[in-house]
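Colleague: Here is my input; please provide its structure:
(chains A and B)
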2 protein chains.
Amino acid sequence: MEKKLEQKLVEFKEYIKTMEITKQAIDLIYWDKLVCMPKKAVEGRAEVIGLLSEQLFNQQTSKEMREFLDFFKENSDGLSQVDKAMIKRLDKEYNETKKIPVERYKEFVILTSKSEAAWEEAKDKNDFNIFKPYLSKVVNFQKEFVGYWGYKDHKYNTLLDKYEEGITVEVLDKVFGDLRDALVVLLNKIKNSKITINSDLLNSSYDKERQKELSLYALKLIGFDMEAGRLDESTHPFTTNFTNKDVRLTTHYYEHDLLSALFSTIHEGGHGIYEQNISDDLQNTWLSTGASMGIHESQSRFYENIIGRSEEFLRYLYPKFKELFKNFDKIDFNEFYKVVNKVEPSLIRTEADELTYSLHVIIRYEIEKALFNDEITVEELPEVWKKKYKEYLGVEPDTDSLGVLQDMHWSDGSFGYFPSYALGNLYGAQIFNTMKKDIPDVHELIAKGDIISITKWLKDNVHKYGSLYSPKELILKVTGEELNSQYFIDYLEEKYSKLYSI
Amino acid sequence: MEKKLEQKLVEFKEYIKTMEITKQAIDLIYWDKLVCMPKKAVEGRAEVIGLLSEQLFNQQTSKEMREFLDFFKENSDGLSQVDKAMIKRLDKEYNETKKIPVERYKEFVILTSKSEAAWEEAKDKNDFNIFKPYLSKVVNFQKEFVGYWGYKDHKYNTLLDKYEEGITVEVLDKVFGDLRDALVVLLNKIKNSKITINSDLLNSSYDKERQKELSLYALKLIGFDMEAGRLDESTHPFTTNFTNKDVRLTTHYYEHDLLSALFSTIHEGGHGIYEQNISDDLQNTWLSTGASMGIHESQSRFYENIIGRSEEFLRYLYPKFKELFKNFDKIDFNEFYKVVNKVEPSLIRTEADELTYSLHVIIRYEIEKALFNDEITVEELPEVWKKKYKEYLGVEPDTDSLGVLQDMHWSDGSFGYFPSYALGNLYGAQIFNTMKKDIPDVHELIAKGDIISITKWLKDNVHKYGSLYSPKELILKVTGEELNSQYFIDYLEEKYSKLYSI
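Modeller: Sure, this is the predicted structure:
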């Protein structure tokens, strides 16, 4: 490498290090806000986060940054793969921000804070009309932004690309279409099955400290490193990573719901293991985090569902349940396994079971796409919502609070984000299919509690790369083919046919 | 106020707000390091703190800061008392930093990190010679710095002034001299007393969760607001304040020592109450923290000793001990009270009782003063140390680890800091004397557990002012007279005469 290029790279990585450190500070202060902060501190805390976020924004969009990026775009010979990926990613983020006129962006930020409050009020009062005018403005802003950014084929493609680079309407229409059709058929079969599952079996009071012990036991089992992380409590479970040496999970314990905290912990544990396993070499490259929201979700759902809700894993864990909770003396394992995997179409996405979950997401995808194609209006959202729930899930919300108002994502303009949740399921099953070729006895490994070997495979094939590859590139690299929903469909059909004898 | 002045003040306060926010971020990340951070994150964390500290340093010593300060020094008519104090304090800090050549300061920072490591090794290996060459260099650097800063009468005055503005060798020779002489006499009387106190009485194992309950109970009793603060655990107890709405204490629970955690908690609680009670008006003025280390220590020691170790308070708390710990069934209150206040000359400052503690500090003061007056050399420190311990406390360390190497303060050049610890005792007793004139029934208040009324008096007379006044000004304002050691001497004589029947 040329001397000048080398020197410039060192300088650039120092610059990025400063950005990463600022981001770590923001993330830590935000974590503290949700986990530790005393009640009365809430107001001042927003200012601290605001100031540091402004610093990071300035670092990301500075003249210096532009000069670095231009220099490397003109002098890319001799750059490594990592360097090129780093420059590509930072350039993309630079453009995403810089193409929007500052004044318009500021107006948008002010709008979203009002819009979030309006959404909250609308949900509380079950009145979509309170939220409607704000939502219309938010949608219009997003359309305006797409105008600045430009688009190919569909305006919505630009929004999808923000969260899942390379994923387009064309791709999603195919994979979500196939998945939706298969799920609707499967769901109907289950409805007509003679097997009924009674979840009252688990009704009991579960001591919090023992639930915590169970969560920590499960985390250890799947390979989360407690010397490079923590498990705390917060209202909504989440994961945050400062570096690969400091990854923090939260969960939430409910006295009368044993499964909620356990599967939340395993889900967040999946996110956390991904971050802990990212290669040290990617520090100070802006690539030392998961490849995308969808890939992240593939890992959390892999651990939560494919591993966590499998018969083998639950059977391995069963003695621990018996040890910790007296009522398990009277619970038969096979019944327990069925309760954990009970399918029941419901109104609320975040409470959905493994099978119906994707349908909730596909409904949102179809609505967002139509909205940005000007096929439906904000006004029509509640009705469209009800219709689709009836059609796909066979349930219909009586109120908008249980329907179109249930998620906060639209209130701050996060259109294009929902698909990641279902993409995670598809990626996960597709990766699992490849894993089984390398590790044919994977089910036996799970049965003997050796999840660490599976985690090692994921580290070597997925985790260590961080954001070096786009999700599209990564899936191709790992599985040898483009995104394909058949693996997830096959997985669900196999699992639920057995469970419901259909 | 002139329009231009007013506008400039608004800008300056915005600038200070940025500094305060940076400082909050640093303090929070440091707190997290000591309380939450997983083991493997230690290395990266230092860089985060380093970067933010550099930012704060740059903000404090920028050209912009200099221009603000010069402007207000030239246009001080119409400035409020708070504004003037704010400018004075920032100017002092600016000069303290700016007068040292950057290169020399950097060399000093590098030296102290080596010196701290050498001190640790020397203490471990009980070999002063390992530490000696570093300590000599650190002392020489401090003398050089005093040269840049200038001094009046004694070089050591400049160092004292850094920690306790307005306190000089002249002041300390008088108050510490009086205190030392009185303590030596009192200690000899106690040695010859017929009363012996057997602390084996408390030998037992104390459940951690119950100790925690006791600590939280005591904090509530003295008026620490748990909605604007927390209590956590760390190896060494400490207090940190981000704002008056978020003040965090730590303590350390020992299974076989019930008193350690309780009194650490009350001590830190005193620091914490002080910070919580600082007026909101002082936000964004750089004055919204305690007036000095000595005043801070006066509040922590007031709650720990004058309140916490008083007969009235312990009697009020006694049923709680009985409720929480079974072994208290067999412990007579009067015996318990004596054990809590047992006097026993010892070698280690941090483990000293209320009476002998100040002698440990005075020894350090006399040594530091002599060192900066060139009356003794670093070489001679171990011998001088032993001699003074023998003379004042009647005990002599066999090893340097138990003697001159016990504290880390000198390794990073914190000369002038030790006196604050004993000044806290003097300030505390002097303030208590004034309080008793306003609240004649203060002992009855303590007896009925109404510490909140006492805390309210302290808030109105001391806490709310933050750093608006220098310690010297504050003591004069609160008590109507200059620092005087007689109040503390009287307090000790009264308490211990009764306790030891002397």
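
Colleague: Which parts of the stretch 101-250 of chain A are strands?
Modeller: For the stretch 101-250 of chain A, applying DSSP state E, counting those that start in this stretch gives strands covering A:229-233, A:239-243, A:246-251.

Colleague: among those, which is nearest chain B?
Modeller: Closest to chain B of those, according to Cβ to the nearest Cβ: strand A:246-251, at 3.6 Å. (Glycine included, C-beta is placed from N, CA and C.)

Colleague: and the closest one, what other elements does it pack with?
Modeller: In this structure, strand A:246-251 packs against helix A:3-35, strand A:229-233, strand A:239-243, helix A:258-276, with contacts taken as 3 or more Cβ pairs under 8 Å, 6 or more residues apart in numbering or on different chains; DSSP states H and E.

Colleague: contacting residues around that strand?
Modeller: Residues from elsewhere that reach strand A:246-251 (Cβ atoms under 8 Å, 6 or more residues apart in numbering or on different chains): A:31, A:34-35, A:215, A:219, A:224, A:228-234, A:236-242, A:261, A:264-265, A:268-269, A:271-272, A:275-276, B:37-38, B:40-41, B:44-45.

Colleague: Check the average confidence over whichever strand or helix holds A:N95, would you?
Modeller: Under the criterion of DSSP states H and E, A:N95 resides in helix A:81-98. Mean pLDDT, helix A:81-98: 95.

Colleague: Quick check: which helices or strands does that helix pack against?
Modeller: When contacts are defined as 3+ Cβ pairs under 8 Å, 6+ apart, helix A:81-98 packs onto helix A:3-35, helix A:42-60, helix A:63-74.

Colleague: comparing those, which gets the lowest mean pLDDT score?
Modeller: Confidence, taken as mean pLDDT, is least for helix A:42-60 of those (a mean of 88).

Colleague: what angle do that one and helix A:63-74 make?
Modeller: 40 degrees (axes from the mean of the first three to the mean of the last three Cα atoms, to 10 degrees).

Colleague: neighbours around A:N58, how many?
Modeller: Residues contacting A:N58 under the criterion other Cβ atoms under 10 Å in any protein chain shown number 12.

Colleague: Would you tell me whether the lowest-mean-pLDDT helix or strand in chain A gets close to chain B?
Modeller: Ranked by mean pLDDT, DSSP states H and E, the weakest helix or strand in chain A is helix A:42-60, scoring a mean of 88. Yes. Judged by Cβ under 8 Å from any Cβ of the partner chain, helix A:42-60 comes into contact with chain B at A:43-45, A:47-48, A:51-52.

Colleague: show me the contacts for A:D329.
Modeller: For A:D329, the contacting residues are A:K322, by Cβ under 8 Å, 6+ apart.

Colleague: Pretty sure it sits in a helix.
Modeller: Yes. A:D329: assigned to a helix according to DSSP: H, G, I helix; E, B strand; the rest coil.

Colleague: domains of chain A?
Modeller: Taking the TED database as the reference, chain A has its domains at A:1-151, A:201-344+A:442-464.

Colleague: Please identify the most buried of the helices and strands packed on helix A:81-98.
Modeller: Ranked by mean neighbour count, those are led by helix A:3-35 with a mean of 18 (mean count of other Cβ atoms under 10 Å in any protein chain shown).

Colleague: ok so, going back, what's the closest of the domains of chain A to B:N58?
Modeller: For the domains of chain A, the distance to B:N58 is smallest for domain A:1-151, at 12.4 Å, taking Cβ to Cβ.

Colleague: Any idea how far that closest one is from the middle of the chain?
Modeller: Put simply, domain A:1-151 sits 18 Å off its chain's centre (Cα atoms, centre = their mean, to the nearest Å).

Colleague: Please apply the same query to stretch A:240-250.
Modeller: 16 Å.

Colleague: Just the mean pLDDT for it, thanks.
Modeller: The average pLDDT for stretch A:240-250 rounds to 96.

Colleague: Roughly how far does A:K459 sit from A:G428?
Modeller: For A:K459, the distance to A:G428 equals 15 Å [Cβ to Cβ, to the nearest Å].

Colleague: Show me which of those two is the more surrounded one.
Modeller: Using other Cβ under 10 Å, the more surrounded residue of A:K459 and A:G428 is A:G428, with 27 against 18.

Colleague: what about the more buried one, helix or strand, and which?
Modeller: Using DSSP H and E, A:G428 falls within helix A:419-438.

Colleague: That helix packs against which elements?
Modeller: Using 3+ Cβ pairs under 8 Å, 6+ apart: helix A:419-438 touches helix A:155-163, helix A:169-191, helix A:293-301, helix A:357-372, helix A:451-461, helix A:471-479, helix A:486-499.

Colleague: Flag every buried residue along that helix.
Modeller: Buried residues in helix A:419-438, counted by 16 or more other Cβ atoms under 10 Å in any protein chain shown: A:419-435.

Colleague: Just list what the least confident helix or strand of chain A packs against, helices and strands only.
Modeller: The contact analysis (3+ Cβ pairs under 8 Å, 6+ apart) places helix A:42-60 against helix A:3-35, helix A:81-98, helix B:3-35.
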